[in-house]
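Asks: Fold the stuff below for me.
(2 chains)
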Amino acid sequence: IAGITQAPTSQILAAGRRMTLRCTQDMRHNAMYWYRQDLGLGLRLIHYSNTAGTTGKGEVPDGYSVSRANTDDFPLTLASAVPSQTSVYFCASSEEGLAPRDEQFFGPGTRLTVL
Amino acid sequence: LAKTTQPISMDSYEGQEVNITCSHNNIATNDYITWYQQFPSQGPRFIIQGYKTKVTNEVASLFIPADRKSSTLSLPRVSLSDTAVYYCLVGDTGRRALTFGSGTRLQVQP
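Replies: So this is what the prediction gives:
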């Protein structure tokens, strides 16, 4: 069982470029989440989806968009990357949209550097 | 929204018991208390969750006093591999409760 996979593992990106971070889960979880983690800080929620076809904004949504066309995939897109989006991005899922009561399962992360 | 306060860092030695306390003075009636562990270059991993009194699993124990304004994660006989950042989350459901904060950085020495 793979759990949650993220791609790419790391990426260096020029400012102004468009980038999509991929996230796939094979646990048939209803809810999925995207977080960013900056050096020495905790995780901040960017966007979430409680079920396929629905999405919502988290704490820091500006500059990011998501889609949830099916249960398994939850891509995060940076339409025009800026250096302040340099961070480690974690995708997570939970069985129902009941986090934090619901246990979240995290992917390995994508390290993104915007120059 | 229940805000949490944890120590920034803690040091311990192998074989000792480590207790990490999280303060959450404005916890709501429906809120659960959840702890995650994060190793360097990995995503967080669920450790334990509780609502009141004491919860124990194969990894840790969680102590919650009657007023629920704080909670203590207890790691028995830590090893070097327990060196990690530990996050306390308090909330019921919904995005407003998904704030991990800065966590407690535990360093276990030989």
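Asks: Count the neighbours of the residue lying closest to B:N57 once chain neighbours are set aside for me.
Replies: Closest residue to B:N57 apart from its sequence neighbours, by C-beta to C-beta, 6 or more residues apart in numbering or on different chains: B:I48 at 5.7 Å. Yep, even glycine has a C-beta here, placed from its N, CA and C like the rest. Around B:I48 there are 20 other residues, counting by other C-beta atoms under 10 Å in any protein chain shown.
Asks: What are the neighbouring residues in contact with B:I48?
Replies: The contact partners of B:I48, by C-beta atoms under 8 Å, 6 or more residues apart in numbering or on different chains, come to B:T34, B:W35, B:V55, B:N57, B:V59, B:A60, B:S61, B:L62, B:L73.
Asks: change it to 6 Å
Replies: B:I48 is in contact with B:W35, B:V55, B:N57, B:A60, B:L62, counting by C-beta atoms under 6 Å, 6 or more residues apart in numbering or on different chains.
Asks: Looking at those residues, which is nearest B:R105?
Replies: Nearest to B:R105 among the contacts of B:I48: B:W35, at 14.2 Å, using C-beta to C-beta.
Asks: Dump the contacts of B:I48 into JSON lines; add neighbour count as well.
Replies: Below are the contacts of B:I48 laid out as JSON lines (neighbours: other C-beta atoms under 10 Å in any protein chain shown):
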{"residue": "B:W35", "neighbour count": "25"}
{"residue": "B:V55", "neighbour count": "16"}
{"residue": "B:N57", "neighbour count": "10"}
{"residue": "B:A60", "neighbour count": "19"}
{"residue": "B:L62", "neighbour count": "23"}
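Asks: between those residues, which is nearest A:R28?
Replies: Here the nearest of the contacts of B:I48 to A:R28, counting by C-beta to C-beta, is B:N57; it sits at 24.2 Å.
Asks: State the distance from the most centrally placed residue in chain A to chain B.
Replies: When C-alpha atoms, centre = their mean is applied to chain A, the residue found nearest the centroid is A:W34 (2.8 Å). Noted for A:W34: a distance of 11 Å to chain B, by C-beta to the nearest C-beta, to the nearest Å.
Asks: part of a strand, is that residue?
Replies: Yes - counting by DSSP: H, G, I helix; E, B strand; the rest coil, A:W34 falls inside a strand.
Asks: hang on, isn't it packed against A:T77?
Replies: No - counting by C-beta atoms under 6 Å, A:T77 is not a contact partner of A:W34; they are 10.3 Å apart.
Asks: circling back: out of the contacts of B:I48, which comes closest to chain A?
Replies: Comparing the contacts of B:I48 against chain A with C-beta to the nearest C-beta places B:W35 closest, at 10.3 Å.
Asks: Enumerate every residue touching the closest one.
Replies: By C-beta under 6 Å, 6+ apart, B:W35 lies in contact with B:I47, B:I48, B:L73, B:C88.
Asks: Enumerate the residues of chain B near chain A.
Replies: Selection of chain B residues close to chain A by C-beta under 6 Å from any C-beta of the partner chain yields B:32, B:34, B:43-44, B:46, B:89, B:91, B:93, B:95, B:97-98, B:100-103.
Asks: Write out the residues of chain A neighbouring chain B.
Replies: A:41-43, A:45, A:48, A:58, A:90, A:98-101, A:103, A:106-107, A:109.
Asks: Recalculate using a threshold of 8 Å.
Replies: Contact residues (C-beta under 8 Å from any C-beta of the partner chain) of chain A with chain B: A:4, A:33, A:35, A:40-45, A:48, A:56-59, A:90, A:92, A:97-109.
Asks: Let's see the PyMOL selection covering just the buried ones among those residues.
Replies: Here is the PyMOL command that selects only those of those that count as buried (16 or more other C-beta atoms under 10 Å in any protein chain shown):
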select buried, chain A and resi 4+33+35+42+43+44+45+48+58+90+92+97+98+99+100+101+102+103+104+105+106+107+108+109
